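Student: I would like the atomic coordinates for the input below:
(2 chains)
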Protein chains: 2
Amino acid sequence: MSGPALDGLVEALRRLPGVGLKSAQRMAYHLLQHDRPGAGELAQALRAAVERVRHCERCHTFSESAVCATCRDPARDASLLCVVETPADQLALERSGGYRGLYFVLMGRLSPLDGIGVRDIGLAQLLQRVGEASVVEVVVATSFTAEGEATAHAIAEALRARGVRSTRLARGVPVGSELEHVDLGTLAQALNDRR
Amino acid sequence: MSGPALDGLVEALRRLPGVGLKSAQRMAYHLLQHDRPGAGELAQALRAAVERVRHCERCHTFSESAVCATCRDPARDASLLCVVETPADQLALERSGGYRGLYFVLMGRLSPLDGIGVRDIGLAQLLQRVGEASVVEVVVATSFTAEGEATAHAIAEALRARGVRSTRLARGVPVGSELEHVDLGTLAQALNDRR
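Tutor: All right, here's what the predicted structure looks like:
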């Protein structure tokens, strides 16, 4: 109805995760009616990011230099390597303030149904990274979902075969929870892992 | 943490309506990890839309030509003019298949708290449009919210002062509803407007 440029913008916005037809229309109308400078800045930011953002050679997180700032930081404890699924997970751990080691970002997790295997999550690169560096302990911090657990299992097995110590984040009752509202699986795990 | 280009992309995505920090990060990560062509296409679509999309001179909807396809369509009934708030509302009415007249799109609605007055919704242009054309009836199809009702009232008053007939979409029970689940205000209105 409205012409190819507007339809094209709606279609392009629909490729964003979590954006359906109605949201894409609302975004397009908003940008064109109320925030044309914002549309220009978004176009510019997209081009700049596609051009400049690549992956850190050491930890695979997004980086605009060959090696990311975290991997270059000499104050980091190089004997600890934390394996996470995404840069968002890495950011969450950083914000917790409880970790001063280095990272390896899988940029995904095992998902056989979607055709994502050990090659896609860079298991070989992780093992190479562990082999070449002074890593004493690998903290496996993948999600506590079925796919995250399968990923953690595959990594732990591969590390054990190489004699590298691996640990997993503790499972248990979240801080601030009332016991009666905690799900049964978590309670069982917390009982089992009591200390 | 990740560098200026990635941070800039997240910031630019946050300007989209309904997108917070977490969603913007997820969108940026998705584009950079899984859909770099999509990022390029979105940048291109944004530029094309900002460059080409303007407003129809007659009905004010988004258009890539001076007068939009609907206003140019000789099969439309030029004696009927339907006033809507947004192109999305216009699209919904078109899809209902129940209207063959022309439109006037306010591109907003009265909202004194946000500083949006009659000038911003183009009331003067609407009155000029009604005056110059062969409009017999104006169908006021603004939203049935407080702001939409205030907008409808202002338009109806202005049209009455000029002796132009204006009507409002019927209020009542939605098609497919069970009465017990319809809100009381709607039921009262449906009783009042029974026919």
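Student: Can you report phi and psi for the residue nearest to residue A:101 when sequence neighbours are not counted?
Tutor: Closest residue to residue A:101 apart from its sequence neighbours, by C-beta to C-beta, 6 or more residues apart in numbering or on different chains: residue A:80 at 2.7 Å. C-beta coordinates here come from the backbone N, C-alpha and C atoms, glycine included. Torsion angles at residue A:80 (phi, psi; degrees, to the nearest 10) stand at phi -110, psi 130.
Student: Next: residue A:78.
Tutor: phi -80, psi 0.
Student: about what we covered before: count the residues that sit near the residue nearest to residue A:101.
Tutor: 17 (other C-beta atoms under 10 Å in any protein chain shown).
Student: Report the separation between residue A:124 and chain B.
Tutor: According to C-beta to the nearest C-beta, to the nearest Å, residue A:124 stands 19 Å off from chain B.
Student: helix or strand right after the helix or strand containing that residue?
Tutor: Taking DSSP states H and E as the criterion, residue A:124 maps to helix A:123-132. Per DSSP H and E, the first helix or strand lying C-terminal to helix A:123-132 is strand A:137-140.
Student: In contact with the residue nearest the centre of chain A, which residues?
Tutor: Closest residue to the average C-alpha location of chain A: residue A:86 at 0.8 Å, with C-alpha atoms, centre = their mean. Contacts for residue A:86 (C-beta atoms under 8 Å, 6 or more residues apart in numbering or on different chains) come out as A:105-108, B:29.
Student: Most neighbours among those, please name it.
Tutor: residue A:105 (26 neighbours).
Student: my guess is it contacts residue A:87, does it?
Tutor: Yes - between residue A:105 and residue A:87 there is a contact under C-beta atoms under 8 Å: 6.0 Å.
Student: Residues in contact with both of the two, list them for me.
Tutor: In contact with both residue A:105 and residue A:87: residue A:61, using C-beta under 8 Å, 6+ apart.
Student: For residue A:121, give me its contacts.
Tutor: A:106-110, A:151.
Student: Within the helices and strands, which one has it?
Tutor: Per DSSP H and E, there is no helix or strand for residue A:121.
Student: ok, residue A:90 - how many residues close by?
Tutor: Around residue A:90 there are 25 residues (other C-beta under 10 Å).
Student: Now do the strands in chain A.
Tutor: Secondary structure of chain A, counting by DSSP state E: strands at A:54-55, A:62-63, A:77-84, A:101-105, A:137-140, A:165-168.
Student: Same list (the ones you listed) but as TSV, adding mean pLDDT and distance to residue A:158.
Tutor: Output for the strands of chain A, formatted as TSV (pLDDT from 0 to 100; distance: least, C-beta to C-beta, whole Å):
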stretch	mean pLDDT	distance to residue A:158
strand A:54-55	94	21
strand A:62-63	94	24
strand A:77-84	94	11
strand A:101-105	94	13
strand A:137-140	94	10
strand A:165-168	92	9
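Student: most packed of these?
Tutor: Neighbour counts (mean count of other C-beta atoms under 10 Å in any protein chain shown) averaged over each of the strands of chain A peak at strand A:62-63, with a mean of 26.
Student: which helices and strands sit right next to it?
Tutor: strand A:54-55 (3 or more C-beta pairs under 8 Å, 6 or more residues apart in numbering or on different chains; DSSP states H and E).
Student: Tell me which other helices or strands the strand it packs on touches.
Tutor: Strand A:54-55 packs on strand A:62-63, going by 3+ C-beta pairs under 8 Å, 6+ apart.
Student: now the strand it packs on: how far from the chain's centre is it?
Tutor: 12 Å (C-alpha atoms, centre = their mean, to the nearest Å).
Student: which other residues reach that strand?
Tutor: A:53-56, A:68-69, A:87, B:2-3, B:6, B:29, B:32.
Student: ok, of those residues, which one's closest to residue B:174?
Tutor: Comparing those against residue B:174 with C-beta to C-beta places residue B:29 closest, at 40.0 Å.
Student: Show me the domain layout of chain A.
Tutor: Here the domain parsing of chain A from the TED database is A:4-52, A:55-168.
Student: deepest of these, which one?
Tutor: The stretch of the domains of chain A with the highest mean neighbour count (mean count of other C-beta under 10 Å) is domain A:4-52, at a mean of 19.
Student: can you tell me if that domain touches chain B.
Tutor: Yes - against chain B, domain A:4-52 shows contacts by C-beta under 8 Å from any C-beta of the partner chain at A:4-6, A:8-9, A:11-13, A:15-18, A:22-23, A:25-33, A:35-36, A:38-52.
Student: Now, the residues you listed that are in helices?
Tutor: A:4-6, A:8-9, A:11-13, A:22-23, A:25-33, A:36, A:38-52 (DSSP state H).
Student: Where does pLDDT dip in chain A?
Tutor: A:1 (pLDDT under 70).
Student: just the contacts of residue A:121 now: which is nearest residue B:173?
Tutor: Nearest member of the contacts of residue A:121 to residue B:173, counting by C-beta to C-beta, is residue A:109, at 48.7 Å.
Student: what sits against that closest one?
Tutor: Per C-beta under 8 Å, 6+ apart, neighbours of residue A:109: A:85, A:116, A:121, A:142-143, A:147-148, A:150-151.
Student: I'd like the distance from it to chain B, if you could.
Tutor: Residue A:109 is 12 Å from chain B, by C-beta to the nearest C-beta.
Student: where's the residue lying closest to residue A:19 once chain neighbours are set aside relative to residue A:147, distance?
Tutor: Of all residues not flanking residue A:19 in the chain, residue A:13 sits nearest, at 5.8 Å (C-beta to C-beta, 6+ apart). Residue A:13 is 28 Å from residue A:147, where distance means C-beta to C-beta, to the nearest Å.
Student: likewise residue A:116?
Tutor: Distance from residue A:116 to residue A:147, by C-beta to C-beta: 9 Å.
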